[in-house]
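> Just a sequence and a predicted model for now, questions to come.
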Amino acid sequence: MFNSSAKIMFFFILITGTMITVSSNSWLGAWMGLEINLLSFIPLMNNNNLMSTEASLKYFLTQALASAVLLFAIMMSYLSNFPIMQEISTYNNMIITSSLLLKSGAAPFHFWFPNVMEGLSWMNALILMTWQKIAPLMLISYIAQNYFIILVIITSTITGSLGGLNQTSLRKLMAFSSINHLGWMLAAMQASESMWLIYFSFYSFLSFSLTFMFNNFKMFHINQLFNSFFESKILKFMLFLNLLSLGGLPPFIGFLPKWLVIQMLVLKSQYILMTIMTVMTLITLFFYLRLCFAAFMLNYHENNWTINMFINNTSFKTMLILSFISTFSLILVSLVYLFL
């Protein structure tokens, strides 16, 4: 990813932009941070090929539109003190929330997200799925409007689950999974002020575990999953247990944040919302399981003498540690909770 010193510089500016937005005490300061973040991510996206150039152009156009709408809404909110503007000011929060949802890629403002993901390298895709969501979500948490956000949560979980059903590209699959998880993050925001940060941190860890593996083996499409891992069953198990953990299957750590959100929603008596979200998550689990079944059931030739090639590899050890945390952490956390 960092094949030049310029990219390292842009990466640090990207982090700075998010920090400015998060720590800002005015809407204009937050907008400025979002702009710095946007303009530093575009050079990182460009890998001197046609797809990444197209993706960076799409990303720039949608983010510029969202920024323009956000700036317009901020200016309107400053004018809301005048008597003539009182009626318009009631819609300001909704306009600001909509522009921030467009920036983060939540449904029904998600149209750009899978197409941009398709043109990125895995490391850039990871930044787009995780880091680029922090600033917009933090701003949404300040002004989240109840009924509008609930509508977005339902559309995001439905779009994220149904959109991933007919995908053959792993990057698009991860994009629709991200939209689904974004719905859960917004629901966590409704449930508790800090709950979405807990959910986000778990999601970021699981996304990193998967993208690290995909990047290491240069996987971009589903058929590559079936043709890979002749050498080691351990690698195959590691990948698919990580996938199931991201989907939120109970024995794995990916279930813990979902469990917490479901519990919070039940305590707030939001039963219908919780039911819709849980049913839609089962659909995402279905297409993850479909991947796992196909890869495990279709047996290919294996060369046993090539297994040792992986054991001493640093990246193999890293993947093993990440997969162990992803798979067994929930059991360890439950045991600690029982004994305490």
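That came in fine, so what should we check first? Numbering: from 1, shown residues only.

> For the chain, give me the ranges with low pLDDT.
Within the chain, the stretches with pLDDT under 70 are 1-2, 81-90, 228-232, 294, 297-312, 340.

> How far away from the center of its chain is stretch 233-241?
Distance of stretch 233-241 from its chain centroid, counting by C-alpha atoms, centre = their mean, to the nearest Å, is 22 Å.

> contacts for it?
210, 213, 225, 229, 252, 291-292, 295-296, 310, 316, 319-320, 323, 326-327 (C-beta atoms under 8 Å, 6 or more residues apart in numbering). Where you see a C-beta, it was placed from the backbone N, CA and C, and this is true even at glycine.

> How about stretch 264-274, which residues are buried there?
Residues of stretch 264-274 classed as buried by neighbour count (16 or more other C-beta atoms under 10 Å): 264-265, 270, 273-274.

> Format these as JSON lines; extra columns: secondary structure and distance to Y203.
Output for these, formatted as JSON lines (DSSP: H, G, I helix; E, B strand; the rest coil; distance: C-beta to C-beta, whole Å):
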{"residue": "M264", "secondary structure": "helix", "distance to Y203": "16"}
{"residue": "L265", "secondary structure": "helix", "distance to Y203": "17"}
{"residue": "Q270", "secondary structure": "coil", "distance to Y203": "21"}
{"residue": "L273", "secondary structure": "helix", "distance to Y203": "19"}
{"residue": "M274", "secondary structure": "helix", "distance to Y203": "18"}
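
> Which member of these is positioned nearest M138?
Set against M138, the nearest of the buried residues of stretch 264-274 by C-beta to C-beta is M264 (19.0 Å).

> Based on its surroundings, how many neighbours for A188?
26 (other C-beta atoms under 10 Å).

> element containing it?
According to DSSP states H and E, A188 maps onto helix 170-191.

> Show the subsequent helix or strand relative to that helix.
Next along from helix 170-191, by DSSP H and E: helix 195-216.

> and the next helix or strand along the chain from that following helix, what does it pack onto?
Using DSSP H and E, the next helix or strand after helix 195-216 towards the C-terminus is helix 222-227. Contacting helix 222-227 under the criterion 3 or more C-beta pairs under 8 Å, 6 or more residues apart in numbering; DSSP states H and E are the following elements: helix 170-191, helix 271-297.

> Quick one: list the elements packing against the first one.
Judged by 3+ C-beta pairs under 8 Å, 6+ apart, the packing partners of helix 170-191 are helix 113-118, helix 122-129, helix 131-143, helix 146-163, helix 195-216, helix 222-227, helix 255-267, helix 271-297.

> For S26, find the nearest of those.
Among those, the nearest to S26 by C-beta to C-beta is helix 131-143 (11.7 Å).

> Surely F176 and G164 touch.
Yes - the criterion here is C-beta atoms under 8 Å, and F176 meets it with G164 at 3.7 Å.

> gap between R171 and F220?
According to C-beta to C-beta, to the nearest Å, R171 stands 6 Å off from F220.

> Looking at these two, which is more packed in?
Counted by other C-beta under 10 Å, R171 and F220 do not tie: R171 has more neighbours, with 22 against 16.

> residues contacting that one?
Here R171 is in contact with 117-118, 120, 122, 125, 220 (C-beta under 8 Å, 6+ apart).

> Am I right that W196 is in contact with L137?
Yes - between W196 and L137 a contact is recorded at 6.5 Å, counting by C-beta under 8 Å.

> more neighbours, the two?
Taking other C-beta under 10 Å, W196 and L137 do not tie; W196 has more neighbours (26 against 23).

> How is F109 classified with respect to secondary structure?
coil (DSSP: H, G, I helix; E, B strand; the rest coil).

> so how far is L44 from the nearest residue to it once chain neighbours are set aside?
In this structure, F109 finds its nearest non-sequential neighbour in L102, 4.1 Å apart by C-beta to C-beta, 6 or more residues apart in numbering. L102 sits 20 Å away from L44, going by C-beta to C-beta.

> With M185 instead?
Per C-beta to C-beta, M185 is found 23 Å from L44.

> ok, now I331?
Separation of I331 from L44 (C-beta to C-beta) stands at 38 Å.

> go on, L260?
Distance of L260 to L44, computed by C-beta to C-beta: 33 Å.

> So which of these two has more stuff around it?
Set side by side, L260 and L44 show more neighbours around L44, with 24 against 17, by other C-beta under 10 Å.

> my guess is the more buried one meets F10, correct?
Yes - using C-beta under 8 Å, L44 is in contact with F10, at 5.4 Å.

> Reformat the helices and strands packed on helix 170-191 as TSV; add distance to L65.
As requested, these are exported to TSV (distance: least, C-beta to C-beta, whole Å):
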stretch	distance to L65
helix 113-118	14
helix 122-129	17
helix 131-143	14
helix 146-163	18
helix 195-216	25
helix 222-227	32
helix 255-267	31
helix 271-297	28
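
> and the longest helix for the chain?
The longest helix of the chain (DSSP state H) is helix 50-79.

> Next up, the contacts around M19.
G33.

> how near is it to K258?
The gap separating M19 from K258 is 29 Å, by C-beta to C-beta.

> now L173
19 Å.

> and if you look at S24?
Computed as C-beta to C-beta, the S24 to K258 distance reads 31 Å.

> Run a quick neighbour tally on L34.
27.

> buried residues in the helix or strand harbouring it?
Taking DSSP H and E as the definition, L34 sits inside helix 27-45. Residues of helix 27-45 classed as buried: 27, 30-31, 33-45 (neighbour count, 16+ other C-beta under 10 Å).
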